[in-house]
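> Provided below for reference: sequence and predicted model.
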Amino acid sequence: MQDPHPSPWHRTAASESHGAAPSRREWLRQSGAGLGGIALAAILAEEQAKAANARPDQGGSPGILKGVLHHPPKAKRVIELFMAGAASHVDLFDFKPELVKRHGQESDFGEKVETFQNGLGPWLKPVWDFRKYGDCGHALSEVVADLAPVVDDIAFVHNMVGKTGVHSQATLLQTTGFQLPGFPSAGSWISYALGSLNDNLPTFVVLPDHRGLASNGTKNWDSGFLPGQYSGTVAYPGTPSPIANLQADPRFRQEFSADSEAAALSLMEKINRGHAAQRADDPRLEARIRGYELAARMQLAAPEALDISGEPAHVLKLYGLDDVTGGAYPAEINAREETHIFARKCLTARRLVERGVRFVQIWSGNDNGFPRRNWDSHEDIRRDHGPLARGMARGASALIQDLKRTGLLDDTIVLWSTEFGRMPSSQGGLGRDHNPYCFTTWMAGGGIKGGVAYGPSDDFGYKPLDRENPTRIYDIHATLLHLLGIDHKKLTVRHDGIDRRLTDVHGHVIRDILA
């Protein structure tokens, strides 16, 4: 029996399609000019796998929860920093004196241990020395010592556990809350719920690693069964075309006369009209039209948001971007390149959130290849983690300081993530194997209590000290949504007969890290 008084929190994908089509849709279908004349048929053909029952909102605002938040929010926006490949907690943030004491001794876990590549060599002490920083006295590895000025703003969670040591599944679990593809990412859920603070920019922007995508590629920021416009928009700051196909290639623009362009648009209009007439209720058409409308507005807003050339010298220096010169970087992985690229993305993220973007996701590391260009340091922690960690720490520290300087840290959450940790034992002498049984994540900013360490790991960093009460990604997501004013149990969408949510059927708010 259908509830006669449904909660305003609950939406089915189909419930958002009813009502008369807006006039702008008809105008775009019939228009022969601008972005409305793009060939919808060809693009929509690529999206046949999308959920056919997803329906975009018909109202003026894309955020379904505006005005009906569960409680007053502490934060308005999120910046996630994702370390692809699995960053080693015991070498960066979770100091283990016992590993120093037993370095080189045969590793004995006292129980059967399942590893990914049999990485059960002798105990391996932290590759870098640790020192305590800040009023909180939290120990940081020297390779991430650039975080020292903001350590009192950070809440470290040291008892994270995953479900698998497989990169693709573990990455999806952290980004979407599920191990299988097809589910919306956290950024998509938040965009869907809250909408944008600026109609000229996307609600969700992704800044991938400059060398390529991480495991799962675009599935890490896909909207799944939510409307397509809530997928992440990819940008590559500092490149000639930061957002693909946003601007026409000037080389070709000058080769077309006004008459030839009009003829091409007329032909595309004819194709689009025929396609749309046969699919009047196709939700993907509506989502794509919304995308074109946004793209048209972004042509003016996005280039300005992504352009850091107007930033003052002291800000560029803060991010380590005051010494950027032309020329190629060395072939081997190096700290200078990692700092310049990652810090630029962090500065871009600040510019995006201050212009109204809800969720920015920054990636460090691409999918596996050789030589390593990610955090999957099976062979040599120092070689691979070193440059990546130095670049990450400089950019992340500058980002938090910059957000604080501009007053944005009060209502912006910075979330540092990775898919799992690495073993306290060695692999091949210099590397570490996967450890899904324990790792670290951290948060700072809007509503987070800084200078705390929550959920200790055991003496070796192998598993949580309290194995009965670990922290899972569902708890991180529940806390994130709580700070944004959302009850994670009430943000649901009916899909395939199930009320789906970001936290599945799990999750609790980690109140010990709330301010």
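That came through, no problem.
> alpha carbons only for contacts and neighbour counts from here, please
Fine.
> what's the neighbour count on S309?
Residues contacting S309 under the criterion other Cα atoms under 10 Å number 9.
> roughly how far apart are it and A349?
Remark: distance between S309 and A349 (Cα to Cα, to the nearest Å) = 15 Å.
> so how far is stretch 198-209 from its chain's centroid?
Distance of stretch 198-209 from its chain centroid, counting by Cα atoms, centre = their mean, to the nearest Å, is 11 Å.
> same check, this time on stretch 430-438
Counting by Cα atoms, centre = their mean, stretch 430-438 is centred 23 Å from the centre of its parent chain.
> Report the mean confidence score over that stretch.
Average pLDDT, stretch 430-438: 97.
> Show residues contacting it.
For stretch 430-438, contacts defined as Cα atoms under 8 Å, 6 or more residues apart in numbering pick out 86, 115-120, 158-165, 377-382, 419-427, 457, 461-464.
> which among those end up buried?
The neighbour-count test (16 or more other Cα atoms under 10 Å) marks 86, 119-120, 158-162, 164-165, 377-382, 419-427, 457, 461-464 as buried among the contacts of stretch 430-438.
> Quick one: mark the members of these that sit in strands.
Under the assignment DSSP state E, the buried ones among the contacts of stretch 430-438 contribute H158, N159, M160, G421, R422 to strands.
> who's in contact with the fourth one?
When contacts are counted by Cα under 8 Å, 6+ apart, G421 touches A86, A87, S88, H89, H434, N435, P436, Y437, C438, F439, T440.
> From D152, how far off is the third one?
S88 sits 21 Å away from D152, taking Cα to Cα as the criterion.
> For the two, indicate the residue with more neighbours.
Neighbour tally, S88 and D152, criterion other Cα under 10 Å: the higher count belongs to S88, 28 against 19.
> Hmm, P424 and the more buried one touching each other?
No: if you go by Cα atoms under 8 Å, S88 and P424 don't touch, sitting 9.0 Å apart.
> Let me see the contact set for W123.
The contact partners of W123, by Cα under 8 Å, 6+ apart, come to L99, R102, H103, G104, Q105, E106, S107, P424, S425, S426.
> mind listing what the residue nearest to it when sequence neighbours are not counted touches?
Computed as Cα to Cα, 6 or more residues apart in numbering, the closest residue to W123 that is not its neighbour in sequence is S425, at 4.3 Å. By Cα under 8 Å, 6+ apart, S425 lies in contact with S107, G119, L120, G121, P122, W123, L124, R432, D433.
> ok, 10 Å please
By Cα atoms under 10 Å, 6 or more residues apart in numbering, S425 lies in contact with 99, 103-109, 119-125, 431-433, 460-462.
> And it, how far from G119?
With Cα to Cα as the criterion, S425 and G119 are 7 Å apart.
> what's the answer for S188, then?
From S188 across to G119, the span is 36 Å (Cα to Cα).
> Then G182?
32 Å.
> Just the buried ones from the contacts of S425?
99, 103-104, 107, 119-125, 431-433, 460-462.
> Now, those that are in helices?
Using DSSP state H, the members of those that fall in helices are L99.
> Find out how far stretch 155-169 is from the centre of the chain, if you would.
The chain centroid and the centroid of stretch 155-169 are separated by 15 Å, computed with Cα atoms, centre = their mean.
> Quick one: the helices in this protein, in order.
Per DSSP H, the chain carries helices over the ranges 23-30, 40-45, 89-92, 97-101, 167-176, 186-194, 250-253, 258-277, 283-306, 313-318, 335-353, 381-406, 473-483.
> can you redo these as a markdown table with distance to N368 and mean pLDDT?
A markdown table is the format used below for these (distance: least, Cα to Cα, whole Å; pLDDT from 0 to 100):
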| stretch | distance to N368 | mean pLDDT |
| --- | --- | --- |
| helix 23-30 | 43 | 47 |
| helix 40-45 | 30 | 44 |
| helix 89-92 | 20 | 98 |
| helix 97-101 | 28 | 98 |
| helix 167-176 | 10 | 98 |
| helix 186-194 | 24 | 96 |
| helix 250-253 | 35 | 60 |
| helix 258-277 | 41 | 70 |
| helix 283-306 | 28 | 69 |
| helix 313-318 | 31 | 96 |
| helix 335-353 | 17 | 96 |
| helix 381-406 | 12 | 97 |
| helix 473-483 | 23 | 98 |
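> what would those look like in JSON lines with distance to S215?
Output for the helices of the chain, formatted as JSON lines (distance: least, Cα to Cα, whole Å):
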{"stretch": "helix 23-30", "distance to S215": "36"}
{"stretch": "helix 40-45", "distance to S215": "25"}
{"stretch": "helix 89-92", "distance to S215": "20"}
{"stretch": "helix 97-101", "distance to S215": "31"}
{"stretch": "helix 167-176", "distance to S215": "5"}
{"stretch": "helix 186-194", "distance to S215": "17"}
{"stretch": "helix 250-253", "distance to S215": "34"}
{"stretch": "helix 258-277", "distance to S215": "35"}
{"stretch": "helix 283-306", "distance to S215": "26"}
{"stretch": "helix 313-318", "distance to S215": "31"}
{"stretch": "helix 335-353", "distance to S215": "19"}
{"stretch": "helix 381-406", "distance to S215": "17"}
{"stretch": "helix 473-483", "distance to S215": "18"}
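> For F82, which of those helices is the nearest?
Among those, the nearest to F82 by Cα to Cα is helix 167-176 (9.1 Å).
> list the helices and strands the closest one packs on?
Contacts defined by 3 or more Cα pairs under 10 Å, 6 or more residues apart in numbering; DSSP states H and E place helix 167-176 against strand 77-83, helix 186-194, strand 412-418, helix 473-483.
> Out of these, flag the one nearest P387.
For the helices and strands packed on helix 167-176, the distance to P387 is smallest for strand 77-83, at 12.7 Å, taking Cα to Cα.
> For F116, grab phi and psi.
F116 adopts backbone torsions of phi -90, psi -40, taken as degrees, to the nearest 10.
> For it, list the residues it contacts.
T164, G165, V166, D433, H434, N435, P436.
> So which of the residues you listed is the closest to R494?
Taking Cα to Cα as the measure, T164 is the one of the contacts of F116 closest to R494, at 27.3 Å.
> residues near C136, how many?
15.
> what does the one 4 residues further on give?
Here the neighbour count serves as a burial measure; for L140 (other Cα under 10 Å) it reads 24.
> one step back: output the contacts of W123 in CSV; the columns should cover distance to K74.
Listed next are the contacts of W123 as CSV, based on distance: Cα to Cα, whole Å:
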residue, distance to K74
L99, 39
R102, 44
H103, 44
G104, 47
Q105, 48
E106, 48
S107, 45
P424, 37
S425, 40
S426, 42
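> quick one: contacts for G356?
Going by Cα under 10 Å, 6+ apart, G356 touches K76, R77, G195, S196, L197, N198, D199, N200, L201, P202, T203.
> Pull the most distant pair out of the residues you listed.
K76 and N200 (17.4 Å).
> Leaving aside the residues adjacent along the chain, what's closest to P242?
Leaving aside its chain neighbours, P242 sits nearest to Y236 (4.4 Å; criterion: Cα to Cα, 6+ apart).
> pretty sure the one you found is touching K345, no?
Yes: assessed by Cα atoms under 10 Å, Y236 is found in contact with K345 at 8.3 Å.
> quick one: which of the two has more around it?
Per other Cα under 10 Å, whichever of Y236 and K345 has more neighbours is K345, with 31 against 20.
> Quick one: residues contacting that one.
By Cα under 10 Å, 6+ apart, the contact set of K345 is 81, 206-209, 235-238, 306, 319, 339, 351, 360-364, 395-396, 399.
> Now a PyMOL select for only the buried ones of these.
The PyMOL command for the buried members of the contacts of K345 (criterion: 16+ other Cα under 10 Å) is given here:
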select buried, resi 81+206+207+208+209+235+236+237+306+319+339+351+360+361+362+363+364+395+396+399
